[in-house]
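Novice: here you go, sequence then predicted model.
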Amino acid sequence: MRPLVPAFTLVLSSSLISTTASAGVAMTFGQQTESNVGAWDHGVAVDTDAPGLTDVDEGPVDEGPVAEGPLAEDEDAWVDETGDDPTGGLASEAPTMSDEPDAFSPGGYNAHALGFRTGLTIVPTAFLSMFLASHTNAQCRSTIGSVGMEKGNMRNDGCNWYIAGEYTYRKSRAFDIVGTAGYQRAKLPDGLWLDNDEWGDGCKQHDPEGVLPINNGAKCDLGAADYTEIDMGFVFIEADFIGRGTIVRTPDIEVQIGGGGGLGLGIVVGKGIHQTPIGYQRTGNADVQRGPGPACTSLRNLSDLTMCTPQYWDDPDIDQNGDGSDADGPVPPGGWPSELGGSPYFARCSKTECNKSDLNSFGSRIKQSDVPPVIPIINLIVTSRIIIKDTLGINIQGGWNTGFYFGGGLSYFFGGGGK
């Protein structure tokens with residue numbers, strides 16, 4: 001509303017000038033007519049042919065009585081003492097309106113914002129099941145539905161989340177450019193993971209040689225499962241480009257919905273991914289069964305680590321004792337606690353977790369090196385936003401980057417500049 005102040009002053013000043021000048025001219029001409037005087041001594045030319053002014057005697061001009069009071073003082077304020085301009089040069093001294101709209105002009109808005117956002121991320125079981133016959137997941141719940149069981153989810157536990165700070169530049173009311181830096185957690189519960197190519201759709205029972213009629217000739221190898229630990233996250237930087245349509249806009253509130261996309265990079269941090277082979281000892285079709293407890297024979301048995309328990313075995317593909325040879329012998333290279341007895345050497349496990357020192361003693365607990373240190377991020381965004389008093393922004397957004405995410409945030413708008 002501030003641009004209205006000089007405008008109002010200008011209009012008011014012009015009105016005073018017009019009123020004062022008109023009153024002075026009318027008074028003077030009236031006095032001159034009554035006294036039949038000559039031309040006005042202020043330099044105003046008089047048309048002698050005008051009615052009532054045809055017979056004018058030359059002589060001194062009677063200016064009549066001098067006006068007294070506020071009007072006289074006002075007249076002095078508007079008289080140009082250096083010239084004949086009755087406005088007193090007001091046009092050059094009057095305040096002018098700027099052609100540039102400021103942040104508070106109609107249509108203007110704050111174009112800059114600082115804020116933060118946070119939320120949850122979930123990788124759908126259906127996505128993981130495209131590659132894995134068994135796996136674990138973090139879906140912010142502990143139960144597993146029937147669909148999850150069918151898709152090979154062996155355990156649900158924990159939540160993955162993100163938090164980030166962001167700067168927003170409103171290029172226009174309909175388009176934002178957002179720079180973001182933050183952290184996203186990526187941790188899954190420990191469990192036995194098995195690739196799809198080791199357990200086909202027709203598999204019912206552990207049968208690595210494919211000789212059991214129940215499996216219709218398919219090779220179904222639970223011994224290929226790995227005890228998998230995923231404990232990491234990534235620090236990310238990202239640039240998003242978001243278009244929004246305005247649903248409601250009043251002087252106090254603006255409601256928008258829209259969407260967009262972005263690109264970024266994530267720097268992987270944390271402990272990483274470790275895997276330990278479950279360790280079936282094979283002699284033909286005879287496999288050492290898991291213990292303690294029932295035999296590990298079906299896919300769902302992988303959900304219970306007391307049924308399908310990692311054990312030491314001489315893995316032909318790994319130099320477990322570091323001697324340069326893949327033949328490592330029948331005893332774990334790290335030794336074995338005497339209270340646990342002799343072969344077979346099983347790790348100490350609960351239903352959901354195994355002892356890490358036991359796994360390390362096998363020499364086959366390997367940190368995966370194929371996880372890149374930097375990962376690309378492609379962000380797809382759906383968003384809604386409410387801006388209150390062109391200052392406080394409330395954001396709700398969801399989409400997909402490394403998984404589905406949903407969250408919200410707050411922003412503080414400032415700086416003007418929008419038009």
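Specialist: All right, it came through fine.
Novice: residues of stretch 216-229 that come out buried?
Specialist: Neighbour-count burial for stretch 216-229, counted by 16 or more other CB atoms under 10 Å, picks out Ala218, Lys219, Cys220, Asp221, Leu222, Gly223, Ala224, Ala225, Asp226, Tyr227, Thr228, Glu229. C-beta coordinates here come from the backbone N, C-alpha and C atoms, glycine included.
Novice: for stretch 239-249, same thing?
Specialist: Buried residues in stretch 239-249, defined by neighbour count with 16+ other CB under 10 Å: Asp240, Ile242, Arg244.
Novice: tell me which of those fall in strands.
Specialist: Counting by DSSP state E, the buried residues of stretch 239-249 place Asp240, Ile242, Arg244 in strands.
Novice: can you list those residues in a markdown table and add distance to Leu132 and pLDDT?
Specialist: Below are these laid out as a markdown table (distance: CB to CB, whole Å; pLDDT from 0 to 100):
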| residue | distance to Leu132 | pLDDT |
| --- | --- | --- |
| Asp240 | 31 | 98 |
| Ile242 | 34 | 98 |
| Arg244 | 38 | 96 |
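Novice: just give me the closest of the residues you listed to Thr121.
Specialist: Asp240 (16.0 Å; CB to CB).
Novice: tell me what the closest one is bridged to.
Specialist: Val178, Gly262 (DSSP bridges).
Novice: got the contact list for it?
Specialist: Applying CB atoms under 8 Å, 6 or more residues apart in numbering to Asp240 gives the contacts Asp176, Ile177, Val178, Thr180, Gly260, Gly261, Gly262, Asn379, Ile381.
Novice: Glu229 is in contact with Pro310, isn't it?
Specialist: No. Glu229 lies out of contact with Pro310 (CB atoms under 8 Å); the separation is 11.4 Å.
Novice: joint contacts of the two?
Specialist: Shared contacts of Glu229 and Pro310, defined by CB under 8 Å, 6+ apart, are absent.
Novice: against Arg155, how distant is Leu299?
Specialist: 13 Å (CB to CB, to the nearest Å).
Novice: what about these two, which has more around it?
Specialist: Arg155 (25 against 22; other CB atoms under 10 Å).
Novice: burial of the closest residue to that one other than its chain neighbours, as a residue count?
Specialist: Closest residue to Arg155 apart from its sequence neighbours, by CB to CB, 6 or more residues apart in numbering: Thr136 at 4.4 Å. For Thr136, the count of nearby residues is 27 (other CB under 10 Å).
Novice: cool, the one 5 residues further on as well?
Specialist: Here the count is done by other CB under 10 Å, and Arg141 has 12 residues near it.
Novice: Cys349 too?
Specialist: 22.
Novice: that one contacts Asn355, correct?
Specialist: Yes. Counting by CB under 8 Å, Cys349 touches Asn355, with 7.0 Å between them.
Novice: ok, back up a step: now the buried residues of stretch 239-249 in CSV, with distance to Gly200?
Specialist: Output for the buried residues of stretch 239-249, formatted as CSV (distance: CB to CB, whole Å):
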residue, distance to Gly200
Asp240, 42
Ile242, 44
Arg244, 48
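Novice: with respect to Arg385, which of these is nearest?
Specialist: Of the buried residues of stretch 239-249, the one sitting nearest to Arg385 (CB to CB) turns out to be Arg244, at 6.7 Å.
Novice: partners of the closest one in the sheet?
Specialist: Following DSSP bridges, Arg244 is listed with bridge partners Gly258.
Novice: what residues are up against it?
Specialist: Arg244 touches Arg173, Ala174, Phe175, Asp176, Gln256, Ile257, Gly258, Thr383, Arg385, counting by CB under 8 Å, 6+ apart.
Novice: from Gly415, how far off is the first one?
Specialist: The reference is to Arg173. 15 Å.
Novice: and these two? Which one has more around it.
Specialist: Of the pair Arg173 and Gly415, Arg173 is the one with more neighbours under other CB under 10 Å, namely 18 against 12.
Novice: distance check, the more buried one against Ile318.
Specialist: Note on Arg173: its distance to Ile318, by CB to CB, is 60 Å.
Novice: ok, Asp197 next?
Specialist: For Asp197, the distance to Ile318 equals 20 Å [CB to CB].
Novice: could you check which of these two is surrounded by more residues?
Specialist: Ranked by neighbour count (other CB under 10 Å), Asp197 and Ile318 place Ile318 first, with 15 against 11.
Novice: phi first, then psi, for that one.
Specialist: Ile318 adopts backbone torsions of phi -130, psi 130, taken as degrees, to the nearest 10.
Novice: returning to that earlier point: what about burial for the contacts of Asp240, which qualify?
Specialist: Buried, going by 16+ other CB under 10 Å: Asp176, Val178, Thr180, Gly260, Gly261, Gly262, Asn379, Ile381, out of those.
Novice: for Ile378, list the residues it contacts.
Specialist: Contacts for Ile378 (CB under 8 Å, 6+ apart) come out as Gly261, Gly262, Leu263, Asn401.
Novice: hmm, Ile237 and the second one touching each other?
Specialist: Translated: Gly262. No. Gly262 lies out of contact with Ile237 (CB under 8 Å); the separation is 10.5 Å.
Novice: now for these two: what residues contact both?
Specialist: With contacts taken as CB under 8 Å, 6+ apart, Gly262 and Ile237 have Thr180 as neighbours in common.
Novice: can I take it that Phe127 is in a helix?
Specialist: Yes. With DSSP: H, G, I helix; E, B strand; the rest coil as the criterion, Phe127 is located in a helix.
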